[in-house]
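> dropping the sequence and predicted coords here.
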Amino acid sequence: MKTIVGIDPGVKTGLAIISLDGDVMFIDSRRNFSKSEIVDTISMYGEPVVVATDVIRSPGMIKKMSASFSARIFSPSRRLKKIEKERMAGRLKLRCNDHHERDAVLAAVLAKRRFQTLFSKIDKILEKKGLSHLSDDVKGMMVKRKAVNAEQAVLKICNK
């Protein structure tokens, strides 16, 4: 399964994993969450195609996690204010234990929104061709820029 990962790094690190459909699969925050623990946790839920942050400049941990999975990095185009984050979390009815979890989930959700148009187009193309079962793999290839269009991604997948 392909996923989108949101990370809020720090002494206490927030980690969220959502499906490409936007379903929240995992949320947690821990003090001293090691890189290997984060990689192991992410790997249990699938392969991330995007590693997201809620800040404009991607922290080093985001870059390292992205490189570990050959995933694309997402960061918002502008600084999000605390009140905006609280409102978004309220509208999404997120159940988070602290702001680290909230920020990680919001990063993942914002990344998913960024790619939603592309995901919808891919699903329509694949549905017409009777290839909906390839949806996650095609989306992953397109997001990671390993294919320029859905047709090319399907050919690469089928020729493996």
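Perfect, I can see it now.
> for the strand or helix carrying residue 152, buried residues please.
Here residue 152, judged by DSSP states H and E, is contained in helix 150-158. Across helix 150-158, burial judged by 16 or more other CB atoms under 10 Å covers 150, 153, 154. Yep, even glycine has a C-beta here, placed from its N, CA and C like the rest.
> what's in contact with stretch 26-38?
By CB atoms under 8 Å, 6 or more residues apart in numbering, the surrounding residues in contact with stretch 26-38 are 7-8, 11-17, 41, 45, 61, 64-65, 68, 94-98, 100-101, 104-105.
> of the residues you listed, buried ones?
In these, burial by neighbour count holds for 7-8, 13-17, 41, 61, 65, 68, 94, 96, 100-101, 104-105, counting by 16+ other CB under 10 Å.
> contacting residues for the spatially closest residue to residue 156 that is not a sequence neighbour?
Leaving aside its chain neighbours, residue 156 sits nearest to residue 147 (5.9 Å; criterion: CB to CB, 6 or more residues apart in numbering). Each residue near residue 147 by CB under 8 Å, 6+ apart is listed here: 138, 141, 153, 156.
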